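Peer 1: predicted model and sequence follow; I will ask about them next.
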Amino acid sequence: MNTSMTDETAQQTPQTPQTSAAAGRFDTKIAVLLRDDLAVWQRLNVTAFLVSGLGTERPEVVGERYQDADGHSYLPEFRQPVMVFEGGKEILAAAHDRALARGLAVAVFIADMFATGHDAANRAAVRAVPAADLDLVGIAVYGPRNAVDKALKGAVKHP
């Protein structure tokens, strides 16, 4: 079996996020924006859910497995930091609209998902509502750093 990549395959293969050697900054950004009225447990739960699919859709954001000095192997983690922000409903809705308009990778968590018990019910809850009417409690956005920053305009870093 020939495993070499064609030019077409190489163009479709995601690139590893790059850093600036001088600044230590990535050219891409992973950001989570949470609604500012969530309880602490909700913020943690929503953040975990929102970023959980990113590595499967964008494998270039995931690093290698970790290993301790005793030889225990651990799951890989993101290659870059996840920035967490907060804002009111209006900020969240505007960021969602801008992220979609810019073609960024977006994950959503809506209020109805707190009452569901599994993935199929979560997907059904989102599918039942037009994008403009989603009761967003959080979004995750991934893409070029500047585009993500523009999409999240108005949000503040989570305390």
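Peer 2: Perfect, thanks for sending it.

Peer 1: going by C-alpha atoms from here, please, whenever you check contacts or count neighbours.
Peer 2: Fine.

Peer 1: show me where the chain has helices.
Peer 2: 7-12, 40-52, 54-57, 89-101, 119-127, 145-151 (DSSP state H).

Peer 1: buried residues of the shortest one, list them for me.
Peer 2: Within helix 54-57, the residues that qualify as buried by neighbour count (16 or more other CA atoms under 10 Å) are residue 54.

Peer 1: quick one on the thing from earlier: mean pLDDT for the helices of the chain: which is lowest?
Peer 2: If you rank the helices of the chain by mean pLDDT, helix 7-12 sits at the bottom with a mean of 34.

Peer 1: give me the beta-bridge partners of the residue nearest to residue 89 when sequence neighbours are not counted?
Peer 2: Closest residue to residue 89 apart from its sequence neighbours, by CA to CA, 6 or more residues apart in numbering: residue 35 at 6.2 Å. Beta bridges link residue 35 to residue 87, judged by DSSP bridges.

Peer 1: hmm, residue 35 is touching residue 137, no?
Peer 2: Yes. Assessed by CA atoms under 8 Å, residue 35 is found in contact with residue 137 at 5.0 Å.

Peer 1: OK, contacts around the residue nearest the centre of the chain?
Peer 2: Centroid-nearest residue in the chain, with CA atoms, centre = their mean: residue 140, separated by 3.6 Å. Applying CA atoms under 8 Å, 6 or more residues apart in numbering to residue 140 gives the contacts 30-33, 47, 50-51, 106-108.
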